[in-house]
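> Fold the following for me, if possible:
(one chain, ligands or ions: 1)
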Amino acid sequence: MMAETHNNRGFDANGPARPDATDPCTSNRKYQKERHGTVRSRRTPRARLALFDGRPAFSDALHVGRPNMPDSAAYLARIETMLQSGWLSNGGPMVREFETTVARISGAKHCVATCNGTLALELAIGALGLSGEVIVPSFTFVATVHALTRMGLTPVFCDIDPATHCLDPRQVEGAITAKTSGILAVTLWGNPCDEVELRRLADQHGLSLLFDSAHAFGCDLGRSSGARLCELEVYSFHATKCIQALEGGAIVTDDDELAERLRQMVNFGFSGEDRVDLLGTNAKMNEAAAAMGLCSIEQRRRIFHQNRENHLTYRAGVKHLPGISMAAKPLGERHNYQYVVLDFDAEAAGLSRDQFIAALRAENILARRYFYPGVHRMAPYRDRPDSLRHSLAETERVARRTLVMPSGLSVTRQDVYRICDTMGAILNRAGDVAATLPDGDPRLPPVL
Ligand code: T4K
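Model prediction:
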């Protein structure tokens, strides 16, 4: 099945972002002009910082993951329809419409909606009958790995490709043992893994391949042919995701049998009235969540467009900031641009990443350190010597350097200009900021 297509100008399926002469944000000269109304040879950074008793750059906090709210009239109309229908859960009409819509947009034959992405992962792992060890990145949200552990499997951490922040297939190959039954790859930030190579490895060693695509709804993941090479792929529609269903998830697949098994598993294992054929659970999406999901999907173009504008504005805005660059650039023809991921070089910047984050937070810019410190450093994994069976050098390096910036519908392009100005002002006073925030200062995010 072919996924929905629309071409986002400016990003190349095979490489880093290419400049687009028609985009007002991709040229720094144009950026300056739009930012200041005139072309300036030098930026004029904000003179005062909140850290030194200036006023914060924003009176209200800007978040990473602030929900993109739907049109409230559209949502209330769907809720009214739900109330009239007599269906609140158990595969009602809104959930069925949600599943059909998600399957169509992601180019999959089947979609099974769930109450969240974490249970969707657990069900996907169960449906594939995985056992023993499963290869997984440590640079991900902890739910990816917890899902394996809660299903009785041993996660084997594998390092990432620093360019995409996704699993590095060369490292995967070295981590396969006689006990390995699957590869759980994460399409982090909505970026493609090397799907062709991972499929080749999986076939060669008789492994299952599944994707945690919690970040990737609406992204084509570089599948130019439209083909999905993994058996199962999981989305999250949590409130903080760019397309949200309050809480929600979905599993998509082209495999009829797997889809049928998942349909039973999501509903206690029922295959008919009074008949249970396998071990299931209650992971059903409810109608109110599906109603929100559908409203959110209906405005996806607006959301992706705003995210993309913000992305490009950040890109132009950080271009000349010392120590800061865009990381894990969005790849593929179609992307949701949800995450604005920065690489922070402390040496070039003159202060640590965490000091920089603390200074931003004083300005009400709530940047985040996703996915610090890496799952292998979290309980229960940090106490298992096996967690460091393979080198996680890139994971460690990226986790120390990455920060994610606010974006989404609640952040305007003007906000991003101001954020970039503020970043510039902090860097201009890097030495003072570093001295004001020594190790152990309570304003710093904790070292883990
Ligand atoms: N795999 C991956 C790769 C994932 O990233 C995730 C989830 C999963 C699997 C599991 O899918 P789910 O089971 O969650 O469907 C968030 C989300 O809770 C989580 O869904 C997400 N990944 C993860 C990356 O981020 P936090 O810890 O960032 O949420 P929190 O409470 O700090 O909220 C973020 C910001 O948004 C805050 O500044 C507050 C604001 N906010 C949040 C909510 C929920 C609001 O303003 N309104 C709200 O309703 O985890």
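> Show me which residues of the stretch 201-350 of the chain sit near the ligand.
Neighbours of the ligand within the stretch 201-350 of the chain, by C-beta under 6 Å from any ligand atom: 212, 214-215, 236, 238-240, 249. C-beta coordinates here come from the backbone N, C-alpha and C atoms, glycine included.
> top of those by neighbour count?
residue 212 (30 neighbours; other C-beta atoms under 10 Å).
> partner residues bridging that one?
residue 186, residue 234 (DSSP bridges).
> ok, the closest residue to residue 247 other than its chain neighbours - contacts?
Leaving aside its sequence neighbours, residue 247 sits nearest to residue 116 (C-beta to C-beta, 6 or more residues apart in numbering; 4.9 Å). Taking C-beta atoms under 8 Å, 6 or more residues apart in numbering as the contact definition, residue 116 lies against 236, 238, 247-249, 283.
> What ranges does the stretch 51-200 of the chain have for its strands?
Secondary structure of the stretch 51-200 of the chain, counting by DSSP state E, counting those that start in this stretch: strands at 62-63, 110-114, 133-137, 154-158, 180-186.
> For the ligand, which of those is the nearest?
strand 62-63 (3.6 Å; C-beta to the nearest ligand atom).
> any residues touching the closest one, and which ones?
364-366, 406, 410-411, 415, 419.
> likewise stretch 409-426?
So stretch 409-426 is contacted by 25, 35, 43, 45-49, 57-58, 62-63, 66, 68-69, 302-303, 306, 309-310, 313-314, 317-318, 321, 324, 351, 356, 359-360, 363, 365, 405-407, 433 (C-beta under 8 Å, 6+ apart).
> ok, 7 Å please
Outside stretch 409-426, the residues that touch it by C-beta atoms under 7 Å, 6 or more residues apart in numbering are 35, 43, 45-46, 49, 57, 62, 66, 68, 303, 306, 309-310, 313-314, 317-318, 321, 324, 356, 359-360, 363, 365, 405, 433.
> list the buried ones in it?
Within stretch 409-426, the residues that count as buried by 16 or more other C-beta atoms under 10 Å are 409-411, 413, 415-426.
> Among those residues, which one lies nearest to the ligand?
Once C-beta to the nearest ligand atom is applied, the member of those that ends up nearest the ligand is residue 410, at 8.2 Å.
> Now do the SS call for the closest one.
Three-state assignment for residue 410 (DSSP: H, G, I helix; E, B strand; the rest coil): coil.
> List the ones among the contacts of stretch 409-426 that fall in helices.
Using DSSP state H, the members of these that fall in helices are 35, 303, 306, 309-310, 313-314, 317-318, 356, 359-360, 433.
> Please name the residues that touch the residue in the stretch 251-400 of the chain positioned nearest to the ligand.
Using C-beta to the nearest ligand atom, the single residue of the stretch 251-400 of the chain nearest to the ligand is residue 366, 5.4 Å away. Applying C-beta under 7 Å, 6+ apart to residue 366 gives the contacts 61-64, 406.
> what are the ranges of the strands in the stretch 301-448 of the chain?
Going by DSSP E, counting those that start in this stretch, the stretch 301-448 of the chain shows strands at 324-326, 340-344, 365-366, 402-405.
> circling back to that earlier point, columns neighbour count on top of the ones in helices among the contacts of stretch 409-426, output as JSON lines?
As requested, these are exported to JSON lines (neighbours: other C-beta atoms under 10 Å):
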{"residue": "35", "neighbour count": "23"}
{"residue": "303", "neighbour count": "22"}
{"residue": "306", "neighbour count": "21"}
{"residue": "309", "neighbour count": "19"}
{"residue": "310", "neighbour count": "25"}
{"residue": "313", "neighbour count": "28"}
{"residue": "314", "neighbour count": "26"}
{"residue": "317", "neighbour count": "24"}
{"residue": "318", "neighbour count": "20"}
{"residue": "356", "neighbour count": "26"}
{"residue": "359", "neighbour count": "29"}
{"residue": "360", "neighbour count": "23"}
{"residue": "433", "neighbour count": "24"}
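> farthest pair in those?
Spatial extent of the ones in helices among the contacts of stretch 409-426 (C-beta to C-beta) is set by the pair 303 and 433 at 33.7 Å.
> For residue 235, give me its contacts.
117, 213-214, 217, 249-250.
> which stretches of the stretch 251-400 of the chain have low pLDDT?
Of all residues in the stretch 251-400 of the chain, none has pLDDT under 70.
> where do the helices sit along it?
256-265, 287-298, 300-318, 346-349, 353-362, 393-401 (DSSP state H, counting those that start in this stretch).
> for the first one, packing partners?
Other helices and strands packing on helix 256-265, by 3 or more C-beta pairs under 7 Å, 6 or more residues apart in numbering; DSSP states H and E, are strand 110-114, helix 117-127.
> give me that answer again for 8 Å
strand 110-114, helix 117-127, strand 249-253 (3 or more C-beta pairs under 8 Å, 6 or more residues apart in numbering; DSSP states H and E).
> Measure how that helix sits relative to strand 110-114, angle-wise.
20 degrees (axes from the mean of the first three to the mean of the last three C-alpha atoms, to 10 degrees).
> Report the distance from helix 256-265 to the chain centre.
26 Å (C-alpha atoms, centre = their mean, to the nearest Å).
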